[in-house]
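# any chance you can model this:
(one chain, ligands or ions: 3)
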Amino acid sequence: MSRYRIAVIPGDGIGVEVTAPTVDLLEHLADRAGFEIAFDHFDWSCARYQETGAMMPPDGLDQIRDHDAILLGAVGWPGVPDHVSLWGLLIPIRRRFQQYVNLRPISVMPGLPGPLRDPGEVDFVVVRENVEGEYSEIGGRFSTGTAQEMAVQEAVFTRAGVTRIVDYAFDLATTRRGHVTSATKSNGIVHTMPFWDEIVRERAERQPSVSWRQEHIDALAAKLVLDPSSFDVIVGSNLFGDILSDLAAAVAGSIGIAPSANLDPERDFPSMFEPVHGSAPDIAGKGIANPIGALWSASMMLDHLGEKRSGDALLAAIRATLADGDVRTPDLGGTATTRELAAAVQEAISL
Ligand code: NAD
Ligand code: IPM
Ligand code: MN
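Ligands and ions are numbered 1, 2, ... in the order given. Take a look at the predicted model:
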């Protein structure tokens, strides 16, 4: 019997609220499908930071590097500066474990009300570069306290880093509808973005069956709202991919349903699965957060572990529950709680 060890980091706010039913549902699936799954819980969070001065212990990453995967809720809470909490936990995990692909699928679920009148068949995936680019520690504050005070933030794009994410996107497109859109801004950003475009052009030749185009991120954002069904695979830098994924989630109905997989495709390290959303301090503690983003992320984790039958069953149950429409959290226009929606998904599982 296959056995998996999962590191669970619920984190802060609704991260904790959506992770708990996700773990329960994974246990249920394991029972049904006949595999074993063991969870080690880590209380790394802003609460821990406020008690101890650190988001995680100094050897934290060593404690989880031999797990089969990491399940994360959300990180960040008022009172701890976001750059401190995120660079103290989430970003080091992505970087140290070489999770350079952040996969964020979007589909408009049948029956789910969204903000668009007629979105058409929306089914695309954002492939976000996840370890370099605009997220960098290089830079600083200068001339503090003078009229010339400034902050400088360097973006770092390496040939190896851009090549591997672009290759991942084109390879993925061969398994889908065969189209890549590259998000760029080479009309305004004169060093990194022309470099990005050049590598996309070169690497596109590896996959001649894939059609591709590049679009400026501003125009792309508009098109994502006006014509979302025209996208298949969108590849973007760390920051562009971040912004597009929240926009795309909103187009699909709610940021609460969007999943993500932070993948180390080489599998030297564990990959991490987490909803796209954050800790949502505005609704935390009420028990009404939408658990679908976390549950869908768990389905991606099952696929990654090789439990595709269970991953598919979970995704099918999510689709059926949303389509049915009886049980919806407030972000989707309903009155259900986190637990009620997760229970409805569990009930809809057929395996
Ligand atoms: P957010 O995603 O937490 O919230 C944005 C809005 O979406 C809020 O109105 C919130 O109520 C709503 N929302 C989010 N998830 C929802 C869900 N599951 N169900 C229903 N509604 C939901 O973004 P923010 O407010 O910018 O960030 C809050 C904190 O979370 C910050 O500290 C931020 O840095 C952090 N954050 C962490 C992650 C992560 O851990 N991966 C991601 C994004 C933001
Ligand atoms: C995400 C989040 C993070 C990111 C923040 C919290 C650092 O927005 O996972 O999308 O920008 O990567
Ligand atoms: Mn984000």
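
# and the closest residue to Glu129 other than its chain neighbours, how many neighbours?
Nearest residue to Glu129 in three dimensions, chain neighbours excluded: Ile165, at 4.4 Å (Cβ to Cβ, 6 or more residues apart in numbering). In short, each C-beta sits where N, CA and C put it, glycine included. When counting by other Cβ atoms under 10 Å, one arrives at 30 neighbours for Ile165.

# do the one 3 residues further on as well
As a burial measure, Tyr168 scores 19 neighbours (other Cβ under 10 Å).

# looks like it contacts Glu129 (just checking).
No - with contacts defined as Cβ atoms under 8 Å, Tyr168 does not count as touching Glu129, sitting 9.3 Å away.

# shared neighbours of those two, anything?
Contact criterion Cβ atoms under 8 Å, 6 or more residues apart in numbering; residues bridging Tyr168 and Glu129 by contacting each: Val101, Val235.

# next, the contact list for the residue of the stretch 151-300 of the chain found nearest ligand 1, please.
As assessed by Cβ to the nearest ligand atom, ligand 1 sits closest to Gly278 within the stretch 151-300 of the chain, at 2.3 Å. Residues near Gly278 by Cβ under 8 Å, 6+ apart: Gly13, Gly15, Ala74, Val75, Gly76.

# quick one, phi/psi of it?
Main-chain dihedrals, Gly278, degrees, to the nearest 10: phi -100, psi -150.

# distance of it from Tyr100?
From Gly278 over to Tyr100 the distance is 22 Å, taken as Cβ to Cβ, to the nearest Å.

# quick one, what contacts the nearest residue to Thr158 once chain neighbours are set aside?
Computed as Cβ to Cβ, 6+ apart, the closest residue to Thr158 that is not its neighbour in sequence is Glu132, at 6.2 Å. Residues near Glu132 by Cβ under 8 Å, 6+ apart: Tyr100, Val156, Phe157, Thr158, Gly161, Asn238.

# what does the stretch 251-351 of the chain put close to ligand 2?
Residues of the stretch 251-351 of the chain lying close to ligand 2 (Cβ under 6 Å from any ligand atom) are Val276, Gly278.

# and the stretch 251-351 of the chain, which residues reach ligand 1?
Residues of the stretch 251-351 of the chain lying close to ligand 1 (Cβ under 6 Å from any ligand atom) are 255-256, 274, 277-283, 289-290, 293, 331.

# who's in contact with the helix or strand containing Ile6?
If you go by DSSP states H and E, Ile6 is part of strand 3-11. With contact meaning Cβ under 8 Å, 6+ apart, strand 3-11 is reached by 16, 19-20, 23, 26, 35-45, 63-64, 66-76, 89, 270, 279, 301, 305.

# on that earlier part again, if any of the residues of the stretch 251-351 of the chain next to ligand 1 are buried, put those into a ChimeraX selection.
Entered in ChimeraX, the line below selects the buried ones among those, by 16 or more other Cβ atoms under 10 Å:
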select :255,256,274,277,278,279,280,283,289,290,293,331
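
# state the pair within the residues of the stretch 251-351 of the chain next to ligand 1 that is farthest apart.
Glu274 and Asp282 (19.3 Å; Cβ to Cβ).

# and the angle for the helix or strand following the strand holding Ile6 with strand 3-11?
Scanning forward in sequence from strand 3-11 by DSSP H and E, the next helix or strand is helix 14-33. When axes from the mean of the first three to the mean of the last three Cα atoms, to 10 degrees is applied, the directions of helix 14-33 and strand 3-11 differ by 160 degrees.

# what is helix 14-33 packed up against?
On a contact count with 3 or more Cβ pairs under 8 Å, 6 or more residues apart in numbering; DSSP states H and E, helix 14-33 meets strand 3-11, strand 36-41, strand 69-74, helix 292-305, helix 308-324, helix 338-347.

# what about the residue nearest to Leu332 when sequence neighbours are not counted, neighbour count?
For Leu332, ignoring the flanking residues on the chain, the nearest one in space by Cβ to Cβ, 6+ apart is Ser254 at 5.7 Å. As a burial measure, Ser254 scores 22 neighbours (other Cβ under 10 Å).

# Ser254: what's it in contact with?
Asn290, Asp331, Leu332.

# next, it: phi, psi?
With angles defined as degrees, to the nearest 10, Ser254 sits at phi -170, psi 140.

# can you name the residue of the stretch 1-150 of the chain nearest ligand 2?
For the stretch 1-150 of the chain, the residue closest to ligand 2 is Leu86, as judged by Cβ to the nearest ligand atom, at 4.1 Å.

# quick one: the strands in this structure?
Taking DSSP state E, the strands of the chain run over residues 3-11, 36-41, 69-74, 101-107, 123-129, 139-142, 150-153, 179-184, 211-216, 233-236, 259-263, 271-275.

# just so I know, which of those lies nearest Met193?
Closest approach to Met193 among the strands of the chain (Cβ to Cβ): strand 179-184, 5.3 Å.

# who does that closest one touch, helix- and strand-wise?
Counting contacts by 3+ Cβ pairs under 8 Å, 6+ apart, strand 179-184 packs against helix 159-174, helix 192-204, strand 211-216, helix 217-226, strand 233-236, helix 238-251.

# average model confidence for it?
For strand 179-184, mean pLDDT rounds to 98.

# outside of stretch 23-34, which residues touch it?
Residues outside stretch 23-34 that contact it (Cβ under 8 Å, 6+ apart) are 1, 6, 8, 36-37, 39, 71, 295, 298, 302, 307, 309-310, 313-314, 342, 345-346, 349, 351.
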